[in-house]
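> based on what follows, work out the 3D shape:
(one chain, ligands or ions: 1)
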Amino acid sequence: MTGDQGLLLDDLSIAINGRTLVRLSLSIGAGEVVTIMGPSGAGKSTALAAVTGTLSPAFDRTGRIILNGKDISDAPTRLRGVGLMFQDPVLFPHFSVGGNLAFGLPANVSGRRERRKRIEAALASAGLEGLADRDPGTLSGGQKARVALLRTLLAEPKALLLDEPFSRLDAELRAQIRNFTFDRARAAGIPTLLVTHDAEDARAAAGPVLSPLGVRLPL
Ligand SMILES: Nc1ncnc2c1ncn2[C@@H]1O[C@H](COP(=O)(O)OP(=O)(O)OP(=O)(O)O)[C@@H](O)[C@H]1O
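Okay, here's the model as predicted:
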């Protein structure tokens, strides 16, 4: 990690009912991807929840989460500046594709024309030009996944958290969207934490792979 830039899990430890699920010390620099891999129930989502600030109070956490040099361990979720992608690309059905993307735009991007320009540029960068006025229900699975990622990236997150975001896609699409996601995160210089139970995802991420308890996993 260069200087203060990046996501640092500093002796992060999370336990429930006396059982430690997560023990991670790692740093993710700008544009790097680290993968947390493990079976169902191992604590992968718990580790992500600590970073997003959505950890249930039932868990005991020690250690710190530092983002770009700032301790965000106890900061409210909306102030953390992290972007999250889940299993299903959730697009609001009553808004157009452009309307969905508008939700991602930072509040300081004002003016209808400027907002529209950013949205058109984002769509064009993903080979989706001309789709701004479409109903998201008419998009293919791959198009939906791209739009959901664009919406997350438009918010200019300081870190990207991916919770099994490719698992509902069929094999060919999965590889495409996976590459698209990692390429965009690298190009934007965003530190990325991927959670998966899939070794192919971990290989494609091309970074270190750890269990939630911090054991380095060979691939
Ligand atoms: N609020 C809670 N109270 C008690 N136990 C919980 C709570 N939330 C989660 N757990 C337990 O913590 C463990 C870790 O769950 P977690 O969702 O992090 O696993 P995971 O590795 O992400 O699994 P999956 O791949 O199925 O999403 C599980 O055994 C789960 O049952």
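> for the residue nearest in space to the middle of the chain, name its beta-bridge partners.
When CA atoms, centre = their mean is applied to the chain, the residue found nearest the centroid is residue 161 (2.6 Å). Beta-bridge partners for residue 161, by DSSP bridges, are residue 84, residue 193.
> gap between it and residue 94?
26 Å (CB to CB, to the nearest Å). Every C-beta, even on glycine, is put in place using the N, C-alpha and C of the backbone.
> elements contacting the longest helix along the chain?
Secondary structure of the chain per DSSP state H: the longest helix is helix 171-187. Contacts defined by 3 or more CB pairs under 8 Å, 6 or more residues apart in numbering; DSSP states H and E place helix 171-187 against strand 33-37, helix 141-154, helix 199-205.
> what are the buried residues along the last one?
Using 16 or more other CB atoms under 10 Å as the burial criterion, the residues of helix 199-205 that qualify are 201-202, 204-205.
> hmm, residue 189 and residue 160 touching each other?
No. Counting by CB atoms under 8 Å, residue 160 sits too far from residue 189 to count as a contact (10.7 Å).
> so which of those two has more stuff around it?
residue 160 (26 against 12; other CB atoms under 10 Å).
> got the contact list for that one?
Residue 160 makes contacts with 82-85, 152-153, 185, 190-193, as judged by CB atoms under 8 Å, 6 or more residues apart in numbering.
> what's the following helix or strand after the host helix or strand of residue 51?
Residue 51 belongs to helix 44-52 when assigned by DSSP states H and E. Counting by DSSP H and E, the next helix or strand C-terminal to helix 44-52 is strand 60-67.
> I appreciate the help and will end here.
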